[in-house]
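Asks: Let's see this in three dimensions:
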Amino acid sequence: MVHVWPLTLRDEELVLRPLRRRDRGDFERLRERNREWLRPWDATDPEAPRRRVPFSTLRRWNEQQARLGLQLPLMITVRGKLVGQVSAGPIQYGALRSTSLGYWIDGDRAGAGLAPRATALVMDHLFVELGLHRIEVTVREENTASLRVVEKLHLRPEGTRARAIHVDGAWRDHLVFALTAEEVATGDDGHGVLARLRREFPSDTPTG
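Replies: Sure, this is the predicted structure:
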């Protein structure tokens, strides 16, 4: 079990990497273009629901948490272009060995299979390299695109967490999904979740 940061994960043209200083313009344009697409699903601050975290603050916090091994915030890129983000955290060790995953994708890229592939890449890293036992994803019932991601990755439904996360200005119920290491058959290449996704959705997962 070795936590490495900065970290880069790859699957063909899909590359997951940390947010960089020079990404500022591309990142802010991506978020602005997707503001309405992401608004119903983005977590908000209960004390200041409309506050937007400055890029420099976000990047600094990401770096600090990642270097401490508490978070794994990775940008999703396709052929060098930012198209979304997948993040794990808080990462808990000891008797729990668990974490929660969140992800978002450019609305123009939705339905192309990028979010499941990126999420699967991170899940395999968490299970194999970090030795985690359980990964959880929480999704609003109305978020059909995100529900499709957890379905493709075979996360088990575990029920509803009432008023769990402050989203879009209010406390919202979230459906809970999870997967444990025992539920994944991992190959010698370190891929289990991604390998299953490739078998079941080959059109979404190019292999060269």
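Asks: what distance separates the helix ranked longest in the chain from the centre of its chain?
Replies: Counting residues, the longest helix in the chain under DSSP state H turns out to be helix 114-128. Here helix 114-128 shows a centroid-to-chain-centroid distance of 8 Å under the convention C-alpha atoms, centre = their mean, to the nearest Å.
Asks: From the contact counts, what lies against that helix?
Replies: For helix 114-128, the packing partners by 3 or more C-beta pairs under 8 Å, 6 or more residues apart in numbering; DSSP states H and E come out as strand 9-11, strand 14-17, strand 72-78, strand 81-88, strand 98-105, strand 134-139, helix 144-152, helix 193-200. Just so you know, the C-beta spots here come from the backbone N, C-alpha and C atoms, and that holds for glycine as well.
Asks: Return the backbone torsion pair for the residue lying closest to A195 once chain neighbours are set aside.
Replies: On the basis of C-beta to C-beta, 6 or more residues apart in numbering, the spatially nearest residue to A195 that is not a chain neighbour turns out to be G187, at 5.7 Å. Backbone torsions of G187, given as degrees, to the nearest 10, read phi -80, psi 180.
Asks: Quick check: the gap between G187 and R22.
Replies: Shown here: G187 relative to R22, a distance of 36 Å by C-beta to C-beta, to the nearest Å.
Asks: Which one's more surrounded, the two?
Replies: For G187 versus R22, the count of surrounding residues by other C-beta atoms under 10 Å is larger for G187: 11 against 8.
Asks: L194 versus the more buried one, what's the distance?
Replies: Applying C-beta to C-beta, the value for G187 to L194 is 10 Å.
Asks: Let me see the contact set for the spatially most distant residue from the centre of the chain.
Replies: For the chain, the C-alpha lying farthest from the average C-alpha position belongs to E47; by C-alpha atoms, centre = their mean, that distance is 25.0 Å. Going by C-beta atoms under 8 Å, 6 or more residues apart in numbering, E47 touches no other residue.
Asks: G169 too?
Replies: G169 makes contacts with 44, 49-50, as judged by C-beta under 8 Å, 6+ apart.
Asks: For P206, state which of these is nearest.
Replies: The shortest separation between P206 and any of those is 35.9 Å, and it belongs to T44 (by C-beta to C-beta).
Asks: For that closest one, which non-adjacent residue is closest in space?
Replies: Of all residues not flanking T44 in the chain, H166 sits nearest, at 5.3 Å (C-beta to C-beta, 6+ apart).
Asks: Which strands and helices lie in contact with whichever strand or helix holds the one you found?
Replies: Taking DSSP states H and E as the criterion, the element that holds H166 is strand 156-167. Strand 156-167 makes packing contacts with strand 134-139, strand 170-180 when contacts are defined by 3+ C-beta pairs under 8 Å, 6+ apart.
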